[in-house]
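Undergrad: Sharing a sequence plus its predicted fold:
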Amino acid sequence: MSFSARQGIRTARRVVVKVGTSSNSGETAEKIGPIVDALAAAHGRGTEVVLVSSGAIATGMPFLQLDERPSDLATQQAAAAVGQNVLIYRYQAALREYRIVAGQVLLTAGDLENPTHRSNARRAMERLLGLRILPIVNENDTVATHEIRFGDNDRLAAMVAQLVGADALVLLSDIECLYTRPPGEPGATPIRRVAYGDDLHGFEFGSVVVNSVGTGGAATKVSAARLAAASGIGVLVTSADLVDDALSGADIGTWFQPNPEPAAPAATGPVRTAHR
């Protein structure tokens, strides 16, 4: 199913939702509950939901007595190994009251670039969704190297949306919508809709580093949104605090209209799944 307006998200067949480190770790870990409430509501309406979640390294840092994000790869990997376990536990604990089971999927950039690995990942995701499991995807920080990392989970979310043929991608941020320049600066105005092919070069989307524990920001969300939109996937960028409104099709955030004539996706081999 394809739709050109954000209102279609409410009735979408399949949606990918991306949550950043700033919305699920440290002092903001309490936001996991409301985020899960919104995902469960969409799941209850029949929508197949895939969650792409950052936050493993930040979640693991306190258990390693680290006050700031480690700069060396080995310690990042160690923090991710501990944090991913805790993060999934927190999501599953919140999902339990809805009797929804989560399935962990860890990917590297190489997995989605290698045709065989990509086909296997797609097959596993389709089977999980067919079983009404809620896949929770993250970059496999424990084994990823600097050379093969996605760089940010906004891009990973766009690639996962392509992989599973999602109808929409919701990128959750710290602000309600994107602005023509960093909000708070003189002349910054909200961007409510980006038509496919619109030229955004005159806008200032700021740095890719947004806090001490995570990477991302407006620039990476714009890049990821355009990547997904080019594949015919509508993208909504909005605040994590408005996730329920976002999945209900409310008139919020910045909507990236999908390519009305996307190229056919590359073949990844047959995917056999059981009928529901």
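TA: Received, thanks. Residues are numbered from 1 along each chain as shown.
Undergrad: Stretch 23-36 - what's its average pLDDT?
TA: The pLDDT scores in stretch 23-36 average 88.
Undergrad: can you check stretch 219-238 too?
TA: According to the model, stretch 219-238 has a mean pLDDT of 94.
Undergrad: again, but for stretch 54-64
TA: 92.
Undergrad: Now the terminal residues of it, how far apart.
TA: 18 Å (CA to CA, to the nearest Å).
Undergrad: who touches that stretch?
TA: Residues outside stretch 54-64 that contact it (CB atoms under 8 Å, 6 or more residues apart in numbering): 18-21, 24-26, 29, 67-70, 75-76, 78-84, 86-87, 90, 138-139, 141, 153, 213-214, 216. Heads up, the C-betas are built off the backbone N, CA and C, glycines and all.
Undergrad: Tell me the secondary structure at L236.
TA: In three-state terms, and counting by DSSP: H, G, I helix; E, B strand; the rest coil, L236 is strand.
Undergrad: how far away is it from A229?
TA: From L236 across to A229, the span is 11 Å (CB to CB, to the nearest Å).
Undergrad: Kindly report the same for K31.
TA: 27 Å.
Undergrad: Show me which of these two is the more surrounded one.
TA: A direct count of neighbours by other CB atoms under 10 Å for K31 and A229 places A229 higher, at 24 against 18.
Undergrad: Mind jotting down where the strands sit in the stretch 151-276 of the chain?
TA: Shown for the stretch 151-276 of the chain, the strands assigned by DSSP state E, counting those that start in this stretch span residues 168-173, 178-179, 190-191, 193-194, 234-239, 254-256.
Undergrad: Work out for me the element the residue nearest to V164 when sequence neighbours are not counted sits within.
TA: Spatial nearest neighbour of V164, chain neighbours left out: M125 (5.3 Å); criterion: CB to CB, 6 or more residues apart in numbering. Assigned by DSSP states H and E, M125 belongs to helix 115-130.
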